[in-house]
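Visitor: only geometry, no sequence info:
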């Protein structure tokens, strides 16, 4: 696999994993009553920010582990 293809696969999988994890965490937090876009810095807003950050990081780690598992197959 060329460097360009490898880097493109790496960048796209990282981006999809991060955004997907952040969106999933956003919707879960919203279902639990945390509002990311609430006025001020209340507990619900801070909780949603933390959830989205953790979800994005978790999604990124899942994408990297998926990519590492597929490199062995290539």
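Guide: Structure received. In this text, all values refer to a predicted model and were calculated from it rather than measured experimentally.
Visitor: switch to C-alpha atoms for all contacts and neighbour counts from now on
Guide: OK.
Visitor: Which stretches in this structure count as helices?
Guide: 3-31, 43-71 (DSSP state H).
Visitor: Same list, the ones you listed, but as a markdown table with distance to residue 37, mean pLDDT and mean neighbour count please.
Guide: Converted to a markdown table, the helices of the chain look like this (distance: least, Cα to Cα, whole Å; pLDDT from 0 to 100; neighbours: other Cα atoms under 10 Å):
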| stretch | distance to residue 37 | mean pLDDT | mean neighbour count |
| --- | --- | --- | --- |
| helix 3-31 | 10 | 94 | 16 |
| helix 43-71 | 7 | 93 | 18 |
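Visitor: now residue 12: how far from residue 25?
Guide: 20 Å (Cα to Cα, to the nearest Å).
Visitor: And for residue 42?
Guide: 18 Å.
Visitor: next one: residue 34
Guide: 11 Å.
Visitor: Then residue 69?
Guide: 24 Å.
Visitor: For residue 36, grab the count of nearby residues.
Guide: By other Cα atoms under 10 Å, 21 other residues sit near residue 36.
Visitor: next one: phi and psi at it?
Guide: phi -60, psi -30 (degrees, to the nearest 10).
Visitor: just checking, it touches residue 45?
Guide: Yes. Using Cα atoms under 8 Å, residue 36 is in contact with residue 45, at 4.8 Å.
Visitor: Good, wrapping up.
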